[in-house]
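Enquirer: Any chance you can model this:
(chains A and B)
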Amino acid sequence: MANNNNNKKLVSEITSRDTDFAKWYTDIVKKAELIEYSSVKGCLVIRPYGYAIWENIQRLLDRRFKDTGHENVYMPMFIPESLLDKEKDHVAGFAPEVAWVTHGGSEPLAERMCVRPTSECLFCEHYSNVVKSYRDLPKLYNQWCSVVRWEKTTRPFLRSREFLWQEGHTIHATAEEAVAETEQMLNVYADFCAEDLNMPVIKGKKTESDKFAGAVSTYCIEALMHDGQALQAGTSHYFGDGFAKAFDITFTDKDNTIKHPHQTSWGVSTRLIGGIIMAHGDDSGLVLPPAVAPVQIVIIPVAQHKEGVLDKANELLGRLKTAGFRAKLDDSDNSAGWKFAEYEMKGVPLRLEIGPKDIEANQCVIVRRDTREKAFVALDSLEASTSELLAQLARGLFDKVAANIESRTYTCRTMDDISLAISENGDGFVKAMWCSSEACETQVKATTGVGSRCIPFEQEQISDKCVCCGEPASIMLYWGKAY
RNA sequence: CGGGACGUAGCUCAGUUUGGUAGAGUGCCAGUUUUGGGAACUGGAUGCCGCAGGUUCGAGUCCUGUCGUCCCGACCA
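Expert: Modelled structure (predicted):
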């Protein structure tokens, strides 16, 4: 049932993944028509095929947000300087990378405004107006928008100056409730990555030095790319009542005392698309998880000029669409081979070939993008087979990423262990004990090149000494190079 | 923000050393033959040589500036 033969590179325009991973990445985003550069550094045109992936991400995440009780809102894109200045840690963290608006038309503004780098200030201002009583709590809001951060070095999807994201902002009567929200949303992200992006992630907490500006604690999900570098795929922050105090948000509780509420925020961005590319892609191009692929199955008619082939192809297209698949028929006059390569480049999970011989046999050929396995599928069971193959492919992608994490996670007890593991096996996650001092965090990065990624929720007692200073340590940290 | 490379047709690039009519491959368009892994032939169209100054009789080529892209570091979703 399955044959195949080649893993050879069929698309000569793409740099080989193992030759130059960075170049491979930028080739993919261009050749698969995800983006085009614009004339402003770090601001990209997201093309229809790239945007369709984002729309699928939005749709699936938005469903999960609604299912956990959240509502969508929209905040202004400008923040007056005085508003940004209210929470001192927050402004200190973001001030170096905000873009400022100083004029309206030709008139200088009385107060300059920044283009939002994130919207905590705006949500806080709003909450201070609408939260009065415990009866007004909680508020579980989310916003889909773009934000601007004036990054120095930019890369498509991974780090751009304007990027699309969602930011959830919630406000609660108690700390316990806010902490539970922070953890819940981290789990929503991790589940989404695993189930819909087929990309397992590590859940954990950022170190003090690495947490969000203004947060009490920052949780994160860390994904591992094919080349062994980590990607922060999402964050969820617990703010305590720090913002509430800075922005004077208060409510009267059941006991008739005035209190400060507790807040959270959480976000994922179009960076996830970069994660999909680097976690699943190969030398022939993108490999898209079925849940977010704009086209899940492409029909390639073979010998389409022959009587009955296009009619049959259209019939199959109709059946697949009716069954709820995102299907496409390419009846252009490009050669079949050209189409094979084109849709592999674009990462379409399944390719259905239908030609005169197949019609004769009342079957078609379905080829998986990830393994290139060919299956001869009886037309009578097309829908069921397609469904099963998509599920198998999704599992296959997940298992492959999980195996990559497994083989690239190194347990280390000394600094030499770390350097050795990386030089022998390549980049990856390093698991090592840490004494909680920022000095050691800095030292490890300076000597070995791996920075702290997160304190994973799943702890292991590798040893009782800090990998760096040798002092007693009870925390195991994940370290790695990051995008 | 430091170090390096680069910007010429839709794409990949040659031409820059030594200034002198703008090039190739591929793609695109038309037609014919093809069609189970990026087809063949014939004909055709396509350029503010990134942008702005300067030097020169003359600039893709030399000089200055600027914008953008990539790589390596430092900082960040």
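
Enquirer: Just give me the neighbour total for whichever residue of the stretch 201-350 of chain A sits closest to RNA strand B.
Expert: Among all residues of the stretch 201-350 of chain A, A:Gly337 sits closest to RNA strand B, at 2.6 Å; criterion: Cβ to the nearest atom of the strand. Yep, even glycine has a C-beta here, placed from its N, CA and C like the rest. A:Gly337: 10 surrounding residues under other Cβ atoms under 10 Å.

Enquirer: Could you list the low-pLDDT ranges of the stretch 251-400 of chain A?
Expert: Within the stretch 251-400 of chain A, not a single segment meets pLDDT under 70.

Enquirer: For the stretch 51-200 of chain A, what lies in contact range of RNA strand B?
Expert: A:96-97, A:149, A:151-156, A:158-161, A:163, A:165 (Cβ under 7 Å from any atom of the strand).

Enquirer: 10 Å instead, please
Expert: A:93-94, A:96-97, A:117-118, A:147-165, A:167 (Cβ under 10 Å from any atom of the strand).

Enquirer: coming back round to it: so which helix or strand takes in the residue of the stretch 201-350 of chain A closest to RNA strand B?
Expert: Element membership for A:Gly337, per DSSP states H and E: helix A:336-345.

Enquirer: Show me what that helix packs onto, helices and strands only.
Expert: strand A:297-301, strand A:350-354 (3 or more Cβ pairs under 8 Å, 6 or more residues apart in numbering; DSSP states H and E).

Enquirer: buried set for it?
Expert: Residues A:Lys339, A:Phe340, A:Ala341, A:Glu342, A:Tyr343, A:Glu344, A:Met345 are the ones in helix A:336-345 that count as buried (16 or more other Cβ atoms under 10 Å).

Enquirer: my read: the fourth one touches A:Ala336, true?
Expert: The one in question is A:Glu342. No: under the criterion of Cβ atoms under 8 Å, A:Glu342 makes no contact with A:Ala336, lying 10.6 Å away.

Enquirer: Just the buried positions in stretch A:343-358, please.
Expert: In stretch A:343-358, counting by 16+ other Cβ under 10 Å, buried: A:343-356, A:358.

Enquirer: near RNA strand B, from the residues you listed?
Expert: A:Tyr343, A:Glu344, A:Met345, A:Lys346, A:Arg351, A:Leu352, A:Glu353, A:Ile354, A:Gly355, A:Pro356, A:Asp358.

Enquirer: From those, pick the one nearest A:Val444.
Expert: A:Met345 (39.6 Å; Cβ to Cβ).

Enquirer: on that earlier part again, next up, the contacts around the residue of the stretch 201-350 of chain A closest to RNA strand B.
Expert: Listed by Cβ atoms under 8 Å, 6 or more residues apart in numbering, A:Gly337 has no contact partners.

Enquirer: and what of A:Gly204?
Expert: Contacts of A:Gly204 by Cβ under 8 Å, 6+ apart are A:Tyr219, A:Cys220, A:Glu222, A:Arg453, A:Cys454, A:Ile455, A:Pro456, A:Phe457, A:Tyr478.

Enquirer: is it fair to say it lies in a strand?
Expert: Yes: under DSSP: H, G, I helix; E, B strand; the rest coil, A:Gly204 sits within a strand.

Enquirer: Quick check: chain neighbours aside, which residue is closest to it?
Expert: Setting aside the residues directly before and after it, A:Gly204 is nearest to A:Cys454 in space (Cβ to Cβ, 6 or more residues apart in numbering), at 3.2 Å.

Enquirer: ok, the one you found touching A:Leu477?
Expert: Yes: at 7.4 Å, A:Cys454 counts as touching A:Leu477 under the criterion of Cβ under 8 Å.

Enquirer: still on that earlier bit, what about the residue nearest to A:Gly204, helix or strand, and which?
Expert: When elements are defined using DSSP H and E, A:Cys454 is found to belong to strand A:451-456.

Enquirer: Please work out the average pLDDT along the helix or strand following that strand.
Expert: Using DSSP H and E, the helix or strand that follows strand A:451-456 towards the C-terminus is strand A:475-480. In this model, strand A:475-480 has a mean pLDDT of 95.

Enquirer: circling back: so which of the residues of the stretch 51-200 of chain A next to RNA strand B are in helices?
Expert: Judged by DSSP state H, those include A:Gly93, A:Phe94 as members of helices.

Enquirer: tell me the angle of the strand or helix carrying A:Asp399 relative to strand A:350-354?
Expert: Using DSSP H and E, A:Asp399 sits in helix A:382-407. For helix A:382-407 against strand A:350-354, the angle by axes from the mean of the first three to the mean of the last three Cα atoms, to 10 degrees is 140 degrees.
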